[in-house]
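Q: sequence first, predicted coordinates after that:
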Amino acid sequence: MAVKPTKSGSRARASSSTPTLSVVVPVFNEAKGLPALHQRVAEVARYLQTKRGLDVEVVYVDDGSSDNTGDVARSLPAIPLDIQVVTLSRNFGKEAALLAGLDHAQLGAVMFMDGDGQHPPDLIDTLVARWLDDGYDVVYTAKAHRENESWLRRTGVRSFYTLLNWGARHKIPEDAGDFRLLSPRAAAALRQMPERNRFFKGLSSWIGFRQTRVDYEPAMREHGSTTWNVWTLIGLSIEGLTSFSVAPLRVASLLGLVLAFTALFFGSWILLETLLYGKDVPGYPSLVVSVMVIGGVQLILIGVLGEYIGKLLAEIKGRPVYFVAEHTVKRASESAKARPMASRAAE
């Protein structure tokens, strides 16, 4: 069983002046599509080595897959790039898998991309160019458009970012995805973030430095089906909101203020009608409705406070974000030596 690499030795190879890149790919039940994805990443790595002299490694983080994703990842050829396969002890979630990849990345710059093939590896060269040629520290991608998505989803995404950035000193770019490149100093800054409830889109934006956006068209998923559904997306949205915004608390305060003014107005109106016109005060129906509305609002506000308190409790406990069950490393140099030996043995 491999242990989490120490800060002193995990990135020894990143100390040279030559630019280097670690590609972190969290995978969950991607056994069928992983070989094809790795072949495309390897082709891009070979091109970057030839064009820019850029050393590249790929870090596959198996987030507790129920199929043989880990075995497939360990069988991939380490040519022309090094391969690390980090197998987590169970499914900890994508944010934890991204952190595991960041912790184990041994080279300078770090790139995050999904393992389902929807993040096109051909775009890696574009992101590297914006880093090396244009001097950007964070190069993030975003969907060029959402025309193929439902109206409800587009509205939900727009509402999420509006609420997330409401009153925030630093705005998180709308539609920004996890497919992004961080320069060595940006990756080092991200490693210093101590929180355990992580929202990488927000953290990568919050650290600052020079940032730029690259639009892209997501590719179609070739194998399997996505594990993201309405409830997981809502959970991720709540995670992002409570990590980077106090907007829910402000909404709660405003809602309480509106209800208080409404109750004051309604009470004053009833008093005037009773004194001036002699009308009877509305009875049981209005009382029940008022109690149910106020009770429902109070429960919602308690739930909002509970989300923040739950985050505080998780941070105070200080539990590790993930555990590593297995960690394997395959060096490209070792694979290159093994191939001629295998050929001579066959002769």
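A: Right, received. Where do you want to start? Just so it is clear, the model here is predicted, and its values are computed rather than measured.

Q: for the stretch 201-347 of the chain, what spans make up the strands?
A: Secondary structure of the stretch 201-347 of the chain (DSSP state E, counting those that start in this stretch): strands located at 211-216, 324-330.

Q: quickly note the distance from D134 to F200.
A: 23 Å (Cβ to Cβ, to the nearest Å). All C-beta atoms are positioned from the backbone trio N, CA, C, and that covers glycine.

Q: which one's more surrounded, these two?
A: Neighbours were counted for D134 and for F200 using other Cβ atoms under 10 Å; F200 has more, 19 against 10.

Q: wait, that one sits on A96?
A: No. Taking contacts as Cβ atoms under 8 Å, F200 lies outside contact range of A96: 10.3 Å.

Q: shaky segments in this structure?
A: 1-17, 144-154, 156-158, 160-170, 219-247, 273, 277-289, 333-347 (pLDDT under 70).

Q: does V25 sit in a helix, a strand or a coil?
A: strand (DSSP: H, G, I helix; E, B strand; the rest coil).

Q: what residues are up against the nearest residue to it once chain neighbours are set aside?
A: Among residues not flanking V25 along the chain, G115 sits closest, at 4.8 Å (Cβ to Cβ, 6 or more residues apart in numbering). Contacts for G115 (Cβ atoms under 8 Å, 6 or more residues apart in numbering) come out as 25-28, 30, 33-34, 37, 60.

Q: then F92?
A: For F92, the contact set (Cβ under 8 Å, 6+ apart) comprises 63-64, 100, 321-322.

Q: the stretch 151-300 of the chain: helices as residue ranges?
A: Along the stretch 151-300 of the chain, the stretches classed as helices by DSSP state H, counting those that start in this stretch are 151-164, 184-191, 200-206, 230-244, 247-272, 284-317.

Q: before we move on, the earlier item: and the contacts of G115 as TSV, adding neighbour count and distance to A188?
A: Shown next, in TSV, are those (neighbours: other Cβ atoms under 10 Å; distance: Cβ to Cβ, whole Å):
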residue	neighbour count	distance to A188
V25	26	21
P26	26	20
V27	23	25
F28	22	27
E30	26	29
G33	19	32
L34	24	29
L37	24	27
Y60	29	22
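
Q: pretty sure Y216 is touching L127, no?
A: No. Using Cβ under 8 Å, Y216 is not in contact with L127, being 9.8 Å away.

Q: neighbour-wise, which of the two wins?
A: Neighbour totals were compared for Y216 and L127, and L127 leads with 23 against 18 (other Cβ under 10 Å).

Q: helix, strand or coil for the more buried one?
A: Applying three-state DSSP: L127 is helix.

Q: who's in contact with it?
A: Per Cβ under 8 Å, 6+ apart, neighbours of L127: 111, 139, 141, 180-181, 214.

Q: I'd like the residues you listed laid out as TSV, including distance to W206.
A: Below are the contacts of L127 laid out as TSV (distance: Cβ to Cβ, whole Å):
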residue	distance to W206
M111	19
V139	16
T141	18
R180	13
L181	17
V214	19
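
Q: possible to save those residues as CSV with distance to I79 and neighbour count?
A: Compiled in CSV, these are given as follows (distance: Cβ to Cβ, whole Å; neighbours: other Cβ atoms under 10 Å):
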residue, distance to I79, neighbour count
M111, 19, 25
V139, 27, 26
T141, 27, 23
R180, 26, 25
L181, 23, 28
V214, 28, 18
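
Q: so which of the residues you listed are in strands?
A: 111, 139, 141, 180-181, 214 (DSSP state E).

Q: how near is the residue nearest the centre of the chain to V297?
A: What sits nearest the mean C-alpha location of the chain, by Cα atoms, centre = their mean, is F200, with 4.3 Å. Look at F200 and V297: by Cβ to Cβ, they are 33 Å apart.

Q: for A31, same thing?
A: 48 Å.

Q: neighbour-wise, which of those two wins?
A: Neighbour comparison, A31 and V297: the larger count goes to A31, with 19 against 15 (by other Cβ under 10 Å).

Q: which element is that one on?
A: Secondary structure from DSSP states H and E places A31 outside every helix and strand.

Q: list the contacts of it.
A: A31 neighbours (Cβ under 8 Å, 6+ apart): 65, 67-69, 71-72.

Q: could you turn the buried ones of those into a PyMOL selection?
A: Selection of the buried residues among the contacts of A31 in PyMOL, burial being defined by 16 or more other Cβ atoms under 10 Å:
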select buried, resi 65+69+72
